[in-house]
Every structure is written in structure tokens, then in C-alpha cells.
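Novice: dropping a prediction and its sequence here:
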Amino acid sequence: TLNDLRAIPADKIRKVDVYTLPPARYASSGQKVINVVTGQLDTGVNGGFNVISAVATGFVNGNAFLTYTSGNHRLAADYKIELRDYDDRRSTSDYTYWLGGRTYRYNYYTRDHFGYTYHTPRLKYTYSKPEDLTLQVIASPSFNKRFSRGDQTVGISYDATSSEAKGYSDNNSTTFSPSLDIYLSKQLSKSSEISANVVGTYFHSSQDRDKTLNAGEGSPDTYTDLMDQKVNRYSIIGEVDYTYKRGFNSLNVGFRTSVSQSWSDTRNILSDYDFSRYRSDDTDNYLYAEYSGLWKKMMFSVSLGGHIAHAKNDDASYTRFLFTPRLVLSRTFARHHTLRLMFQSSPEIPSISQLSDNAVLQTPRMIHAGNPYLHSGTNYQPALVYQLARKRINLSAALMYSYTHSPIEMSYREALLDGQPYVIASEVNIKSS
């Protein structure tokens, strides 16, 4: 994190390795990867803080850290807060759709009080013996709160008639998500290393919403929806990684597995205010191997990986194998010019909320619902990248193509619920994009 970097004295940094393309173990996470190599840190205490705040509105970003170092041991604590409090937020949203032979239009103008507070404390212990052993334990109990409440003016038109309705919306949510991260790395020899990482997380979210629209007595657009939802999720992620280096070449082999279980309880106008429970379990096993190095004047990286994704919920289950290879060839010529040819792939795995069968009323005639029959897709991207790097100029240009097999996209369909027509919006797998 940035706090970890701030706590390292500049004169103790030996080198910084920046990965323009992350190693295979990070390739599917979308993370940027750097490796900061330091010398032996001095015994003592290091700390700092910074605050960014607006003068005329509710905006605060605060951050503080404190680190104690003694020999090979290091204890660090930090805290981050993000606060927003806007008492006059204004927004518009429009919905237009064809339903039952009619074109419906709903134009929402909302003026509300909106805000949130994110608290992220963290406690970290590290034991580091250079060229031998590293042990790191991180505990982080994050908790957040969001709210918005205000009035709405809604323009409604269909059947060549138009009218105006008044609405009110009150949304409140709280989230508690502690995690424990344990990392162990052992240098087996001058050229080989093995590491293991275990992360346990818990997520709890509680949300209530009061949404009312008054279009006049007897109007089908008049409704009141009181929603109450609670979501719980447990997950464990484990990984083992082995690295062997010889000269400019390296071999990296690893295995990562994640297991999670979640359930949600929801009640709203669509469930007649009875709680509806939905449960989902999913696992993802990822095996990868990567060989990279230098051949003559050509840098290369070849990675083969495969995901076995399994998901099971109250309505469906699936098991799917996703092959995710990657190839990178890079050549520097005339000192300042680099040409890089890349091919990479990554999985697109549906989220728990997308798989849930919970339904939420968006407008009087539109419902957003999850799709328990979603399955994973795979994205493939070949690219050719040119880069010019000189003292006072850095220029890059890329030509790329993206293809996704079985991607997840939003779909709209018409359905009858209790004899009334509705537009059902939900994510589905399409053939390709």
C-alpha cells in the first residue's frame, strides 16, 4: 500500500522493479505490481499523516500510519477514512422502454442529501530475514456507511399523454468486512523460492430502502416499496507459488484456490414483504506456469493457466474450465524504441449479486433481477504496442483487438407478473462480443 511505501526511508531502497506486465499469479487480478527491494531498516519509529479536505462541501480524505522496526521485526498500524456529505446533490435519470405495445418514459429529477463514511484500519506484523524467510500477517476490519434521502419529481408519458408525479427515496446501508492475510516466503537456495498465502474474509451488508411514488389515487404508477436486505459472505483464498531463477530466465509455477459461501435475505414489495433467502457457493481453482527471460535480444514470457470454476446456488449449478494462456515478445531497437507483441486472456466470472435471484423495482413497470443461470466467460486480447522513451518524451501507441467468448451483458425482456406487464432487466450470457 501507499502507507507501506511512505514508511520506507528513501536511502534504504536498493531498487524498484516495475512490472509492465504482472507475473502470472497476478495476471487475473488486474493489479499493478512493483517489487521494492530494501536494505536492513534502522531500529526506531516512523509515522505520518495527511488530510485532504474541501472548504465549501463535505469532503475529507484522511490517512495516518505508525511503524515500529526492531531488527528483523516490524509492526505497523495505519488508518484511512473517506467521508462525503453533500446536502444538496442533484441528479437526473431517464427510462424509456416499449411494453405491451406502448412506449413508456420516466424522467426522474432527484434532489437529495447524500453521503458516506469509509473506515479502513489495518494492523500488520512482518518478520523479514533477508535471503531466507519472510512472514507477514495483516488484519483489517473495514466498516462503511452510506445514505441518501431526498425528493423526486418524475415526468411520466405514455399513450400520447403526460403527467407529473412526486416521489421520495430514503436509502441506508452499512457494511462490515474484516479480513486476515497470512503470507510466508522461504528462500530454498540462491536460485529458488517458495511462498504460500492464505486470506480469510467475512462480508456483512445491511440495507434498507423506502421508495415512494405518488401519481394520484388509482394510478398504476403509484406505489410504495419498503426494502430490507441483509447479505453475508465468507471466503478463503489459498495459494502456493514456486519460483526458480537462472540468469535472466525464470520459471514460475503455482496453484490458487478460493472457496466462498454467501446468502442473502430480502423482503420488498415483490416478495409481499416476506423474507426470501438466497444461497450461493462458488469455488475457483487456478493452476499456472510461466517461463520468461531473454533470448538473444528478444525478451519473452510464456504463461499457461487454467481455471476450474464451479458455482452452485438455489436454482442452478455449473462447472466450467477456462484456459487462460499468455504470450509476450518484446524487442528494443535503436536504444529508444520498443516493439511488443502480446496475447493474453482472462476469465470473466459472474459476481454473487449477478447470480442472485433477488428482484428490485426500479420504476413502476421495470424490475432488475439477478440471473442464477449465468456462467463464466473468457476474454482474449492480442495487441501490438510501440513505445518511444527519451529524456523529455514518452510516446506509446497500441493496436489491439478484444474478443470475449460467452460474455455477460444486460438483457431486457417482457413478462407478466400478477397479470401486469413488466420489463425485466437482467444479465445474460451472449455468444460473443
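Specialist: That came through, no problem.

Novice: the helix or strand residue 380 falls within: partners in the sheet, and parallel or antiparallel?
Specialist: In this structure, residue 380 sits in strand 377-389 according to DSSP states H and E. In the sheet, strand 377-389 lines up against strand 337-348 (antiparallel), strand 394-400 (antiparallel), strand 403-405 (antiparallel) (DSSP bridges).

Novice: what's the mean pLDDT across the longest one?
Specialist: To tie it back to what came earlier, the one meant is strand 337-348. Here strand 337-348 scores 91 as its mean pLDDT.

Novice: buried stuff in that strand?
Specialist: Residues 338, 340, 342, 344-348 are the ones in strand 337-348 that count as buried (16 or more other C-beta atoms under 10 Å). (C-beta placed from N, C-alpha, C; glycine too.)

Novice: rewinding a little: go through the strand holding residue 380 and flag the buried ones.
Specialist: Those would be 377-379, 385, 387, for strand 377-389 by 16+ other C-beta under 10 Å.

Novice: ok, stretch 267-282 next?
Specialist: Neighbour-count burial for stretch 267-282 [16+ other C-beta under 10 Å]: 267-268, 270, 276, 278, 280, 282.

Novice: reformat the residues you listed as a markdown table; add secondary structure and pLDDT.
Specialist: Formatted as a markdown table, the buried residues of stretch 267-282 follow (DSSP: H, G, I helix; E, B strand; the rest coil; pLDDT from 0 to 100):
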| residue | secondary structure | pLDDT |
| --- | --- | --- |
| 267 | strand | 87 |
| 268 | coil | 84 |
| 270 | helix | 76 |
| 276 | strand | 82 |
| 278 | strand | 84 |
| 280 | strand | 87 |
| 282 | strand | 89 |
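
Novice: mind putting those residues in TSV, distance to residue 42 included?
Specialist: Formatted as TSV, the buried residues of stretch 267-282 follow (distance: C-beta to C-beta, whole Å):
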residue	distance to residue 42
267	58
268	58
270	62
276	58
278	54
280	49
282	46
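
Novice: wait, which of these is closest to residue 88?
Specialist: Nearest to residue 88 among the buried residues of stretch 267-282: residue 268, at 28.5 Å, using C-beta to C-beta.

Novice: surely that closest one meets residue 211?
Specialist: No. Look at residue 268 against residue 211 with C-beta atoms under 8 Å: they stay out of range, at 9.2 Å.

Novice: can you check which residues contact both of these two?
Specialist: Shared contacts of residue 268 and residue 211 (C-beta atoms under 8 Å, 6 or more residues apart in numbering): 225-227, 361.

Novice: just the buried ones from those residues?
Specialist: 225, 227, 361.

Novice: so can I have JSON lines of these showing distance to residue 429?
Specialist: Formatted as JSON lines, these follow (distance: C-beta to C-beta, whole Å):
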{"residue": "225", "distance to residue 429": "29"}
{"residue": "227", "distance to residue 429": "28"}
{"residue": "361", "distance to residue 429": "25"}
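
Novice: lowest-confidence entry in those residues?
Specialist: residue 361 (85).

Novice: the helix or strand harbouring it: what's the following helix or strand?
Specialist: Using DSSP H and E, residue 361 maps to strand 359-363. Of the helices and strands lying after strand 359-363 in sequence (DSSP H and E), the nearest is strand 366-369.

Novice: which residues are in contact with that next one?
Specialist: Residues from elsewhere that reach strand 366-369, judged by C-beta under 8 Å, 6+ apart: 95, 97, 270, 357-362, 417, 422-426.
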